[in-house]
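Novice: Give the three-dimensional model of this entry:
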Amino acid sequence: MERKNLIIGGRDVPSKSGAFEEVRSPFDNRVVAEVATADLNDVNLALDAAVSGFEVWRRTPAHERFAIMLKAAALADERQEAMAQIISAENGKSLIEARGEASRSGEIIRLAAYEGSQLYGETLPLDANKGTGFDKVGFTIKQPVGVVVAITPFNYPALLVLHKLAPALAAGNSVVLKPARATPLTAIALAQCFIDAGLPEGVLSVLTGSGGLLGDALVSDARVRKVSFTGSTKTGEHISRTAGVKKLSLELGASGPVVVLKDADIEYAANAISLGGYINAGQVCISAQRIIVEESIMGDFLAALQPKVEAIKVGDPLAADTKVGTLISKAEADRVSAAISQAVKDGAKLLTGGEQDGTVIQPAIVTNVDPYSAFAQDELFGPAVAVSSARDINHAIQLANSTIYGLGAGVFTHNMNSAIQAMREIESGVVHINWTQLWRADLMPYGGVKSSGIGKEGLRSAIAEMTEVKTVIMHGQAWN
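Specialist: Below is the predicted model:
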């Protein structure tokens, strides 16, 4: 059985307790590997290493950081298939999806490397300030914040690690990474790419184990200057209360709306939703969860959507024809199944799917859903969509904005006026016109409003969040 130690300051280190825990496949419960469980002593060692590593890395010229990042990207490319196998094994997603995720790793690192080497400042027009002449020169410079704590979820164990790790390192910060307890192996493998590429000692640590124990200790520590977290709104609220005075980026929950108006291409919209609602078994914060359909086309829309959803092959993640794998655990599958059952008890109709076999749930369409019910309002994080009707575009936008969340939204329409109205009035960090919100370019700004979080990811935006802007004023003597 393979055992993985902690990574502290770039070195393979046993945990102080010597304890290990199993990482199991959600599909068949086989033990994939064992990982060390860190404790508070390990947290202190990792933060000490990060402080000293930062002093080296911040003074490393951008072109040298860039070269190391490119080597890490090349290693991620070389190890792509091995990474996909790890992702599928510990996460339960289909190998098709895992390969797609792993294939983006190298490019994310390269994009971050470029953005981190281009930290431009700006000159300040001080003479525009009354009473100031040409005797002063002002400008800004961007500098890394310091020690960054990155806490990542299970659903995209490569992409969401790299969307924090790569920009933090590219900007010159040191990082302590706490990956999801269910999917630590991908994080360790990615960290090894950076270490093997020549990252200086101290700059990167990976702590595996209890999120509650390690997370609280990490985010509250005064040595940490930035926390980047992706996960539930409840945990994000806890972090915001615990962290103290430091920079925070919180990418939190969602219940994403997709509006389908009467002038939309129904077949096109149904195809997009059959992808956006079920990829990764719906375990995506930008999943298409609430489908709001103008009532005059409801019958035609459901007739187009149902066969596409029923054609999705689910099951063994390693099978060649499996498109969607498992949920992350039996407990999560039970929760989603119970939510579907409760929606039906409350008056909704299960049009198709919903059957559970262990951690696998058949993709479900639930219609006639009360848009203000828990099934629509709460984040489901599972392979089902809640379909509700709207009278017109104004009613549809009202329903789209009815939850506490605002991460991503989609609108299908061929009417330019409707598209402009929707993009301006829907309360969401990202709005897609004629696609669902389950689409993301790694370079674009990404983040939510309301209870979906604060701050922006996307490589350029993340680097901005992980740097400080320093204003410099040079004073000369006035002359006539």
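Novice: Assign the residue most central in space within the chain to one of the three secondary structure states.
Specialist: In the chain, the residue lying closest to the centroid (Cα atoms, centre = their mean) is residue 160, at 4.6 Å. Under the three-state scheme (DSSP: H, G, I helix; E, B strand; the rest coil), residue 160 adopts helix.
Novice: Could you check how far it is from residue 104?
Specialist: In this structure, residue 160 and residue 104 are 11 Å apart, going by Cβ to Cβ, to the nearest Å. No exception for glycine: its C-beta is placed from N, CA and C like everyone else's.
Novice: So the residue nearest to the centre of the chain versus residue 457, what's the distance?
Specialist: For residue 160, the distance to residue 457 (Cβ to Cβ) stands at 9 Å.
Novice: With residue 306 instead?
Specialist: For residue 306, the distance to residue 457 - Cβ to Cβ - is 35 Å.
Novice: Who has more neighbours out of those two?
Specialist: Between residue 306 and residue 457, counting by other Cβ atoms under 10 Å, residue 457 is the more crowded of the two (23 against 17).
Novice: quick one, what contacts the more buried one?
Specialist: Counting by Cβ atoms under 8 Å, 6 or more residues apart in numbering, residue 457 touches 163-164, 228, 249, 251, 445-447, 465.
Novice: what is it paired to in the beta sheet?
Specialist: residue 446 (DSSP bridges).
Novice: okay, it: pLDDT?
Specialist: Per-residue pLDDT puts residue 457 at 96.
Novice: distance of it from residue 410?
Specialist: In terms of Cβ to Cβ, residue 457 sits 19 Å off from residue 410.
Novice: Help me confirm that residue 409 comes into contact with residue 255.
Specialist: No - contact criterion Cβ atoms under 8 Å: residue 409 and residue 255 do not qualify, at 10.4 Å.
Novice: Which of the three states applies to residue 382?
Specialist: Following three-state DSSP, the label given to residue 382 is coil.
Novice: is it true that it touches residue 281?
Specialist: Yes - counting by Cβ under 8 Å, residue 281 is a contact partner of residue 382 at 6.7 Å.
Novice: got any residues that touch both of these two?
Specialist: 327, 361.
Novice: When these two are compared, which one has more neighbours?
Specialist: Comparing residue 382 with residue 281 by other Cβ under 10 Å, the one with more neighbours is residue 281, at 31 against 24.
Novice: and the more buried one, what does it touch?
Specialist: Residue 281 makes contacts with 92-93, 314, 324-327, 361, 382-383, as judged by Cβ under 8 Å, 6+ apart.
Novice: So which of those is the closest to residue 232?
Specialist: Ranked by distance to residue 232 (Cβ to Cβ), the contacts of residue 281 are led by residue 382 at 14.3 Å.
Novice: roughly how far apart are that closest one and residue 300?
Specialist: 26 Å.
Novice: Over to residue 374?
Specialist: With Cβ to Cβ as the criterion, residue 374 and residue 300 are 28 Å apart.
Novice: same deal with residue 53?
Specialist: Applying Cβ to Cβ, the value for residue 53 to residue 300 is 59 Å.
Novice: now swap in residue 112 and tell me
Specialist: Using Cβ to Cβ, residue 112 is found at 44 Å from residue 300.
Novice: And these two? Which one has more around it.
Specialist: residue 112 (29 against 14).
Novice: Surely that one is in contact with residue 170?
Specialist: Yes - Residue 112 is within contact range of residue 170, at 4.3 Å (criterion: Cβ under 8 Å).
Novice: Identify the contacts common to these two.
Specialist: 69, 459, 463.
Novice: In strands, which of those residues appear?
Specialist: Per DSSP state E, strands hold no members of the shared contacts of residue 112 and residue 170.
Novice: Now render the residues you listed as a markdown table, adding neighbour count and distance to residue 217.
Specialist: Formatted as a markdown table, those follow (neighbours: other Cβ atoms under 10 Å; distance: Cβ to Cβ, whole Å):
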| residue | neighbour count | distance to residue 217 |
| --- | --- | --- |
| 69 | 25 | 29 |
| 459 | 27 | 28 |
| 463 | 23 | 26 |
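Novice: Dump those residues to a markdown table, plus distance to residue 274.
Specialist: A markdown table is the format used below for these (distance: Cβ to Cβ, whole Å):
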| residue | distance to residue 274 |
| --- | --- |
| 69 | 37 |
| 459 | 30 |
| 463 | 35 |
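Novice: Just the closest of these to residue 419, please.
Specialist: Among these, residue 459 lies closest to residue 419 (Cβ to Cβ), at 27.5 Å.
Novice: so who does that closest one touch?
Specialist: Applying Cβ under 8 Å, 6+ apart, the residues near residue 459 are 108, 111-112, 115, 163, 166-167, 170, 442-443.
Novice: Looking at these, which is nearest residue 340?
Specialist: Nearest to residue 340 among the contacts of residue 459, with distances taken as Cβ to Cβ, is residue 163, at 30.7 Å.
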